[in-house]
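Trainee: with the input below, show me the fold.
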Amino acid sequence: MNAKQQQKASHLRQEMNALWTKMGSCLDEFLKREPLVKGTLYERRRRCGREGCRCGSGPPHVSLAFSLSEAGQTTHRSLRGIEPGRLRVPVESYRRFRESRAELTKTWSEFIELVDEMESLRRVEWNALFNGANPRTPPEDD
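Mentor: Numbers count the residues shown, from 1 in each chain. You can find the predicted model right below:
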C-alpha cells in the first residue's frame, strides 16, 4: 500500500471503530429485561353530551387512552381504572427499542460499506506479493 492508501485505511479503521461503538450502545438497549408494549399513550379530550355538564360550555373531559395496531387496524382503548404508570414505562421502552433497532440497521449498513471499501483498498493480486519474481504455480487440488 502506498502512503495515500495507508492513510485511507487508517481513516476507515477509525470510522469502523466509531460505528462498532454505536452498535454497542444499541445492544445495551436490546439486553434490557423490562417488558415492551407496542402502542401509544395519549390524552383524549371529549365532550360527553350530558345535559348541564361543564364540558358543554367549558373545557372537555380529559382521559388517558391507548392506541395500538392489531391486524392492520388501529384500535383505541380507554384506560379508565388503570394506573397509567404501569403502561407508560413499557410503552416508552418499546419506542426506545424500536429506535435502537432502526439505528442498528442503518449503522450496520454503513459498517458493511466500510468493510467492502477496506477490502477493495487492501486487496492485491496474489502474484503481486512476490515483487515481480516468477512464483511457482500453486498446486492444483486433487
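
Trainee: shouldn't S63 be in contact with G81?
Mentor: No: the pair S63 / G81 is not scored as a contact, 10.7 Å apart, by CB atoms under 8 Å. (C-beta placed from N, C-alpha, C; glycine too.)

Trainee: doesn't V37 make contact with V91?
Mentor: Yes: with contact defined as CB under 8 Å, V91 and V37 form a contacting pair (5.1 Å).

Trainee: can you show me the helices along the chain?
Mentor: 3-30, 84-122 (DSSP state H).

Trainee: out of those, the one nearest L129 is which?
Mentor: helix 84-122 (12.3 Å; CB to CB).

Trainee: just give me the neighbour total for E92.
Mentor: 14 (other CB atoms under 10 Å).

Trainee: what about it, distance to R80?
Mentor: 21 Å (CB to CB, to the nearest Å).

Trainee: list the helices and strands the lengthiest strand in the chain packs on?
Mentor: Secondary structure of the chain per DSSP state E: the longest strand is strand 61-70. Here strand 61-70 touches strand 40-46, strand 73-78, helix 84-122, going by 3 or more CB pairs under 8 Å, 6 or more residues apart in numbering; DSSP states H and E.
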